[in-house]
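> Using only what follows, build the 3D model:
(chains A and B)
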Amino acid sequence: MTDRQLITLRVNGEPYELVIEPRRTLADTLRQDLGLTGTHLGCEHGICGACTVLVDGAPARACLMFAVQAEDRDIRTVESLADGDELSDLQRAFSAHHALQCGFCTPGFLMLAEGFLAERPEATREEIRELVSSNLCRCTGYQPIVDAVEDCARRRQASRREHDRAACGEAERSGHAAGA
Amino acid sequence: MKPAAFTYHRARDVAGAIRLLAELGDEAKIIAGGQSLVAMMNYRLARPAHLVDIGRIGGLDHLRGDGSTLRIGALTTHHAVEVATDAWLGRGFTLLRDAMAWVGHLPIRTRGTVGGSLAHADATAEWCLLAVLLDAEIVASGPRGTRTIAAGDFFHGFYTTALAADEMITEVVFPRPAPHSALLEFAERRGDFAIVSAAVDLDVDEHRAGRAVRGGRVALGGVAPVPVRVPEAEAVLAEGGQAGPDLFRRCAAAAAAAIDPPGDGNGSADYRRALTQTLIEDACAKAVSR
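The predicted model follows:
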């Protein structure tokens, strides 16, 4: 007897209604039921991290979660990073630093770094090294991945400072205007 | 590598979860973060016929320190403890925050829960070791009401606890601060299960020059089916002395001599004794430097 359940998932901002077995992991659901094959499955027991996605913004292993548990959560997969053909800054950093070779582990590393940098925008290189130890890569030797994540973090920091300065200048100008 | 079929139940509150557990009996298993259970189900080492999901129950993800006691809800994630501020934790509980770095990796810590780790009772789990070291009290609810179980009585053996099949952990209480404490482990790769883990909580006389140790607790993981206190090592600390390498070396040597660790693919018994020696020495040095 298979016991199927109707669930609603929100993936990359899109709502989906699905009838699935409770034993279906989030990773299998994304790939096989939603066709979002960017999320890769390696070990299926939480070690390799290829299936890492964001659950309510936090990196999580999609193989260690049943889709039924993901109801009402915000799921983000690697498909959410690029805007059409335009790669995200993090993806561009991976490309620039040769942080991938075969690419199998890349979606997991991207989502791991995306979730981490959102929480720790000022992360040190040491923290990034620690983070990168979460997932397995058999091609790069990890160093380029650390470089890519760090480069992306620094660029985001610089653009935030730029933005703050601009906002500051704007406030000053409008302050003068109000004073005058 | 796909889990066997099961029926999924979502509990709305603690009473509902207990009712489901009582109805479904031994065939049911609680799922919270699922970071151990789903892996075991993927391997089919666990094949529960029913899963009771407690992940949506409100009011169980707290972290409340009042300066002397710290209460942690069963559904609090490892990551929530990892990023907790001093104000949340209360003074003397930073050991718990620091220890989280040893729990798997970030994507495991964002989902795995404190209650789940205690109930799963892996012999090398950080929460189990911390609970034993610091005399934590585990609060469990069941059809017969709520009871508090001392950590020392909670762990019975490999993956076996004092919990009945129809009980669930709701909270763990750490009854007193541990300002001079540390947890260290050794694993071959970062984030792996520890081969040996060691935790110490030193009683340091702050008023004496040169910092004297007048007692302390020592607990080890990975050397027995459950995390254990080591009275022989604690006796060395109780004799007291200047906080420093000599005292810490003797304390660690007493522990290494007292234990009877298993030998397996991860390391021989002798290797585990050597790790015990090093880890306790280092943990003592780290604890006293806080």
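
> where do the strands sit along chain A?
A:5-11, A:14-20, A:52-55, A:58-61, A:74-76 (DSSP state E).

> so which of those strands comes closest to chain B?
Chain B sits nearest to strand A:58-61 of all the strands of chain A, at 4.0 Å, using Cβ to the nearest Cβ. In this view, the C-beta of every residue, glycine as well, is placed from N, C-alpha and C.

> Quick one: list the elements packing against that closest one.
Judged by 3 or more Cβ pairs under 8 Å, 6 or more residues apart in numbering or on different chains; DSSP states H and E, the packing partners of strand A:58-61 are strand A:52-55, helix A:106-119, helix B:106-109.

> List of residues touching stretch B:199-218?
For stretch B:199-218, the external contacting residues (Cβ atoms under 8 Å, 6 or more residues apart in numbering or on different chains) are B:95, B:99, B:129-130, B:133-134, B:178-184, B:198, B:219-221, B:229-230, B:233-234, B:237-238, B:240-243, B:247, B:251, B:255, B:280, B:283-284, B:287-288.

> so how far is chain A from B:Arg273?
28 Å (Cβ to the nearest Cβ, to the nearest Å).

> what about that residue, neighbour count?
Neighbours of B:Arg273 under the rule other Cβ atoms under 10 Å in any protein chain shown: 20.

> Residue 167: neighbour count?
If you meant another chain, say so; for now it's chain A. Neighbourhood size, A:Ala167 [other Cβ under 10 Å]: 10.

> The intended chain is chain B.
Neighbours of B:Glu167 (other Cβ under 10 Å): 23.

> Was I right to think it contacts B:Ala22?
No: the criterion here is Cβ atoms under 8 Å, and B:Glu167 misses it with B:Ala22 at 9.7 Å.

> can you put the helices and strands packed on strand A:58-61 in CSV and add distance to B:Leu37 and mean pLDDT?
CSV is the format used below for the helices and strands packed on strand A:58-61 (distance: least, Cβ to Cβ, whole Å; pLDDT from 0 to 100):
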stretch, distance to B:Leu37, mean pLDDT
strand A:52-55, 17, 98
helix A:106-119, 21, 98
helix B:106-109, 13, 98
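
> among these, which is nearest A:Ala158?
When these are compared by Cβ to Cβ, helix A:106-119 sits nearest A:Ala158, at 13.6 Å.

> Alpha carbons of stretch A:143-152, as CSV, please.
Taking C-alpha atoms only, stretch A:143-152 is exported to CSV below (Å, rounded to 0.1, in the frame of the first residue of the first chain):
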residue,chain,number,x,y,z
GLN,A,143,41.4,26.2,-2.6
PRO,A,144,39.7,27.8,-5.6
ILE,A,145,36.3,27.4,-3.9
VAL,A,146,37.5,29.2,-0.8
ASP,A,147,39.0,31.9,-3.1
ALA,A,148,35.7,32.3,-5.0
VAL,A,149,33.5,32.6,-1.9
GLU,A,150,35.9,35.1,-0.4
ASP,A,151,36.1,37.2,-3.5
CYS,A,152,32.3,37.3,-3.8
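
> Now do it: distance to the chain's middle.
Between the centre of stretch A:143-152 and the centre of its chain there are 15 Å (Cα atoms, centre = their mean, to the nearest Å).

> Buried ones in it, by neighbour count?
Of the residues in stretch A:143-152, A:Pro144, A:Ile145, A:Val146, A:Asp147, A:Ala148, A:Val149, A:Glu150, A:Asp151, A:Cys152 count as buried by neighbour count, 16 or more other Cβ atoms under 10 Å in any protein chain shown.

> Please apply the same query to stretch B:35-54.
For stretch B:35-54, the neighbour count (16+ other Cβ under 10 Å) marks B:35-42, B:46, B:48, B:50-54 as buried.

> Among those, which ones are in helices?
With helices taken from DSSP state H, the overlap with these comprises B:Leu37, B:Val38, B:Ala39, B:Met40, B:Met41, B:Asn42.

> list the contacts for the fifth one?
When you say that, I think you mean B:Met41. Residues near B:Met41 by Cβ under 8 Å, 6+ apart: A:Arg23, B:Pro3, B:Ala4, B:Arg47, B:Pro48.

> ranges for the helices of chain A?
A:26-28, A:89-96, A:106-119, A:125-132, A:143-179.

> Save those as TSV, and put in distance to B:Ile72 too.
Formatted as TSV, the helices of chain A follow (distance: least, Cβ to Cβ, whole Å):
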stretch	distance to B:Ile72
helix A:26-28	26
helix A:89-96	34
helix A:106-119	21
helix A:125-132	24
helix A:143-179	31
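
> In terms of mean pLDDT, which of the ones you listed ranks lowest?
Mean pLDDT across those is lowest at helix A:143-179; the value there is a mean of 87.

> Pull up the residues of chain B that are close to chain A.
For chain B, the contact set with chain A under Cβ under 8 Å from any Cβ of the partner chain comprises B:1-8, B:10, B:31, B:34-35, B:38-39, B:41-43, B:51, B:53, B:55, B:79, B:83, B:101, B:104-108, B:110-111, B:189-191.

> repeat that for 6 Å
Contact residues (Cβ under 6 Å from any Cβ of the partner chain) of chain B with chain A: B:1, B:3, B:5-8, B:34-35, B:38-39, B:42, B:105-107, B:110-111, B:190.

> Filter those down to the buried ones, PyMOL style.
To isolate the buried subset of those in PyMOL, counting by 16+ other Cβ under 10 Å, use the following:
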select buried, chain B and resi 3+6+7+8+34+35+38+39+42+105+106+107+110+111
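
> pull the helix or strand with minimum mean pLDDT from chain B.
Ranked by mean pLDDT, DSSP states H and E, the weakest helix or strand in chain B is helix B:86-89, scoring a mean of 85.

> Do a quick rundown of the helices in the stretch 101-250 of chain B.
Here the stretch 101-250 of chain B has its helices, by DSSP state H, counting those that start in this stretch, at B:106-109, B:114-120, B:126-133, B:151-154, B:231-239, B:245-258.

> Same list (these) but as JSON lines, adding distance to A:Ser133.
Below are the helices of the stretch 101-250 of chain B laid out as JSON lines (distance: least, Cβ to Cβ, whole Å):
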{"stretch": "helix B:106-109", "distance to A:Ser133": "9"}
{"stretch": "helix B:114-120", "distance to A:Ser133": "20"}
{"stretch": "helix B:126-133", "distance to A:Ser133": "17"}
{"stretch": "helix B:151-154", "distance to A:Ser133": "30"}
{"stretch": "helix B:231-239", "distance to A:Ser133": "31"}
{"stretch": "helix B:245-258", "distance to A:Ser133": "28"}
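
> domain ranges for chain A?
A:1-80, A:83-180 (automatic domain parsing).

> measure the residue nearest the centre of chain A to chain B for me?
For chain A, A:Met111 is the residue whose C-alpha lies nearest the centre (Cα atoms, centre = their mean; 2.3 Å). Distance, A:Met111 to chain B, using Cβ to the nearest Cβ: 9 Å.

> Identify the spatial nearest neighbour of that residue, chain neighbours not counted.
Spatial nearest neighbour of A:Met111, chain neighbours left out: A:Thr52 (4.7 Å); criterion: Cβ to Cβ, 6 or more residues apart in numbering or on different chains.
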